[in-house]
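**Q** how would this look folded up:
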Amino acid sequence: MTSAAIRSAGRTLLWHCGKALRPREQHQSLSSPWISRLIQRSFASYPPHAVVGLPALSPTMDSGSIASWNLGVGDSFAAGDIICSIETDKATVDFESQDDGFVAKILAEAGSGEIKVGDPIMVTVESEDDVGAFADFKVDASAATSPPAKEASPSSSAPPAAAASTPSTTTTAQPTRATASSGERVFATPLARMLAKELGFSIEQIPGTGPGGRVLAADVKEFTPSAAAAAAESATPAPATKSIQTAAPVPGEGYTDYPLSVHAQEVAARLQQAKRNIPHYYLTVDINMDNLLATRASLNKTLPEETQLGVYEFLLKAASAAMKSIPNANAAWMDSHVRVYDHINVNVVVGSGDSLYTPVIANLGAKGLKEISSELHSFMAALEPAGQGQEPPSVLGGLGTFTVMNLGMYGIKSCAPIIREPQSCALAIGALEYRIIPNDDDGAESIYKEAVMMTATMSFDHRVVDGAVGAQWLAAFKTHVENPNSLLL
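**A** Next up, the predicted model:
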């Protein structure tokens, strides 16, 4: 067939799935079942080319945004090269090539906003000589449907040229921003959004230093709210308690799917990211609880039954005392430096399942046992509206300097907890149980005795706390628990 005959064939629109590109999360491959790729061959006015659409990176993904481009117009790529990074509501993933070619046109600039799955993001060609032909390339309206404007009439339709010019107009915004105006979409990494939420910051108030003004995790960590912003926030009345709608279980043949709440999905995403990013190591110690139990019983004789102390309060106080003795463990990994905190703010794990929360006991070292007990009771009371399908109060949120979880109530002997970013320590408390141990009383007839023992396991971030410092922390914790009178000093 002659070239004239080919040109007379007009435009041909073909759809092709999953061969050219595949996404990769961070440094790990994602096993996406399919990736949509729109190939448009225009023999009449353009050389052979491919219009690549935004891929679906998960079964539930319906839109995303371009976080950054690794290649520019005219750049070549080979199998395995990362074309761009795509931000979804859960993660930022890399878009990796499986073929060879050249980038002829970028249709969606970084930071240009949400893009629907399948909408064109770039044009590729096989020959470098064909790149120049796409300098004025516009996406045909019949080839891809762009999202309608917010205020556009349902019957109105913009011409292809206007639709194609929208991304370039949007991306003329300044590369760095102070703060986002009301209603403006803020581009931020998933970790930055998570940290902002846990610290109680509004992501719109945080200046971004990333590409296109994107808010990075480091920006959140370094952010200090202004006095005006803090005053405005404190003057804003608390919103009314909102009801959280949870989808009903979906039965299948031999199974039932239970949809997760947004909170449960956020917790799962944070745990997965922390386990992947933090180099965990674990140290375990057995502790004699006899003296602590005796001190607790003595103090409870002077207290009403409804305000009596539990063992957990003593253990939290001992943990803060150990952190005071070994302050290098009360720290966080900040990418370029290690931050050591002046105050000891402890996240305690309460609830379970969809009602799992980690409220903060602030400045734990300065509080007495009764005050600690009172805060624990307030946390448990706050769980009731959360368990009834309502939005939990803000008292159940916040980010401390390390985390303590008590699994002894479930009969668990020991547990190796996952550290929550950016903390560097997490302590797990096991069940109290009677054990036979060597008798340290030289005057006793028996060489063994029965004692109430507890196993405590501490997870450490090896980037912040090395093994020797971790061992010193557990030794200090053991000393304070076995000698509870030291908590008075």
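**Q** in the stretch 301-450 of the chain, which spans are strands?
**A** In order along the chain, the stretch 301-450 of the chain carries the following strands (DSSP state E, counting those that start in this stretch): 331-333, 338-340, 346-348, 360-361, 402-406, 425-429, 433-438, 448-461.
**Q** I'd like to know which elements the first one is packed against.
**A** Taking 3 or more Cβ pairs under 8 Å, 6 or more residues apart in numbering; DSSP states H and E as the contact definition, the neighbouring helices and strands of strand 331-333 are strand 338-340. Heads up, the C-betas are built off the backbone N, CA and C, glycines and all.
**Q** got it, and the shortest one?
**A** Under the contact definition 3+ Cβ pairs under 8 Å, 6+ apart, strand 360-361 sits against strand 346-348, helix 369-387.
**Q** which stretch among the ones you listed comes nearest residue 300?
**A** Closest of these to residue 300 is helix 369-387, at 10.5 Å (criterion: Cβ to Cβ).
**Q** Show residues contacting that closest one.
**A** 241, 299, 303, 307, 309-310, 312-314, 316-317, 348, 350-351, 355, 357, 359, 361, 364, 367, 391-393, 395-396 (Cβ atoms under 8 Å, 6 or more residues apart in numbering).
**Q** Report the buried members of those residues.
**A** In terms of neighbour count (16 or more other Cβ atoms under 10 Å), the buried residues within those are 309-310, 312-314, 316-317, 348, 350-351, 355, 357, 359, 361, 364, 367, 392-393, 396.
**Q** Quick check on residue 444: phi, psi?
**A** For residue 444, the backbone dihedrals (degrees, to the nearest 10) come out as phi -80, psi 150.
**Q** And residue 86, by the same measure?
**A** Recorded main-chain torsions at residue 86 are phi -120, psi 130, according to degrees, to the nearest 10.
**Q** In contact with it, which residues are there?
**A** Counting by Cβ under 8 Å, 6+ apart, the residues that residue 86 touches are 23, 54, 55, 57, 64, 65, 66, 67, 92, 93, 94, 95.
**Q** Report the beta-bridge partners for it.
**A** Counting by DSSP bridges, residue 86 forms beta bridges with residue 66, residue 93.
**Q** Report the separation between it and residue 110.
**A** As judged by Cβ to Cβ, to the nearest Å, residue 86 and residue 110 stand 10 Å apart.
**Q** Return every residue with contacts to both of the two.
**A** Taking Cβ under 8 Å, 6+ apart as the contact criterion, the residues that touch both residue 86 and residue 110 are 66, 67.
**Q** Identify the bridge partners of the closest residue to residue 425 other than its chain neighbours.
**A** Nearest residue to residue 425, sequence neighbours excluded (Cβ to Cβ, 6 or more residues apart in numbering): residue 402, at 4.2 Å. According to DSSP bridges, residue 346 are recorded as the beta-bridge partners of residue 402.
**Q** Just to check, residue 402 is in contact with residue 343?
**A** No: with the criterion set as Cβ atoms under 8 Å, residue 402 and residue 343 do not qualify as a contacting pair; they are 11.6 Å apart.
**Q** So between these two, which is more surrounded?
**A** Taking neighbours as other Cβ atoms under 10 Å, residue 402 and residue 343 compare with residue 402 leading, 27 against 14.
**Q** contacting residues around that one?
**A** By Cβ under 8 Å, 6+ apart, the residues touching residue 402 are 319, 323, 329, 330, 344, 346, 347, 423, 424, 425, 426, 427.
**Q** repeat for residue 343
**A** Going by Cβ under 8 Å, 6+ apart, residue 343 touches 362, 363, 365, 401.
**Q** Need these in TSV (columns: distance to residue 441, neighbour count and pLDDT).
**A** Compiled in TSV, those are given as follows (distance: Cβ to Cβ, whole Å; neighbours: other Cβ atoms under 10 Å; pLDDT from 0 to 100):
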residue	distance to residue 441	neighbour count	pLDDT
362	42	15	92
363	40	13	92
365	34	15	89
401	39	25	94
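**Q** Number of residues surrounding the nearest residue to residue 107 once chain neighbours are set aside?
**A** The shortest distance from residue 107 to any non-neighbouring residue, by Cβ to Cβ, 6+ apart, is to residue 120 (4.8 Å). With neighbours defined by other Cβ under 10 Å, the count for residue 120 comes to 22.
**Q** how near is residue 120 to residue 113?
**A** 14 Å.
**Q** same question, residue 303
**A** Applying Cβ to Cβ, one obtains 59 Å for the distance of residue 303 from residue 113.
**Q** Quick one: list the elements packing against the helix or strand harbouring residue 469.
**A** Element membership for residue 469 (DSSP states H and E) is helix 467-482. Identification of packing neighbours for helix 467-482 by 3+ Cβ pairs under 8 Å, 6+ apart yields strand 280-288, helix 290-300, helix 311-325, strand 448-461.
**Q** just the angle between it and strand 448-461, please?
**A** Comparing the axes of helix 467-482 and strand 448-461 via axes from the mean of the first three to the mean of the last three Cα atoms, to 10 degrees yields an angle of 140 degrees.
**Q** Helix 467-482 - what's its average pLDDT?
**A** For helix 467-482, mean pLDDT is 96.
**Q** Stretch 255-271 too?
**A** 83.
**Q** I'd like the contacts of residue 343 as JSON lines, with distance to residue 336 appended.
**A** Compiled in JSON lines, the contacts of residue 343 are given as follows (distance: Cβ to Cβ, whole Å):
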{"residue": "362", "distance to residue 336": "27"}
{"residue": "363", "distance to residue 336": "27"}
{"residue": "365", "distance to residue 336": "28"}
{"residue": "401", "distance to residue 336": "19"}
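**Q** so what's the residue lying closest to residue 439 once chain neighbours are set aside bridging to?
**A** The shortest distance from residue 439 to any non-neighbouring residue, by Cβ to Cβ, 6+ apart, is to residue 449 (4.3 Å). Per DSSP bridges, the residues bridged to residue 449 are residue 437.
**Q** how close does residue 449 sit to residue 431?
**A** Plainly put, residue 449 is 20 Å away from residue 431 if you go by Cβ to Cβ.
**Q** hmm, back to that, so of the strands of the stretch 301-450 of the chain, which one's packed in deepest?
**A** With neighbours defined as mean count of other Cβ atoms under 10 Å, those peak in mean count at strand 425-429, which reaches a mean of 25.
**Q** and it with strand 448-461, angle?
**A** Going by the same axes, to 10 degrees, strand 425-429 makes 150 degrees with strand 448-461.
**Q** What are the contacting residues of strand 425-429?
**A** Around strand 425-429, the neighbours that count as contacts under Cβ under 8 Å, 6+ apart are 312, 315, 319, 329-330, 402-408, 414-420, 454, 456-461, 465, 473, 477.
**Q** quick one: strands adjacent to it?
**A** Each strand that pairs with strand 425-429, with its direction, by DSSP bridges: strand 402-406 (parallel), strand 448-461 (antiparallel).
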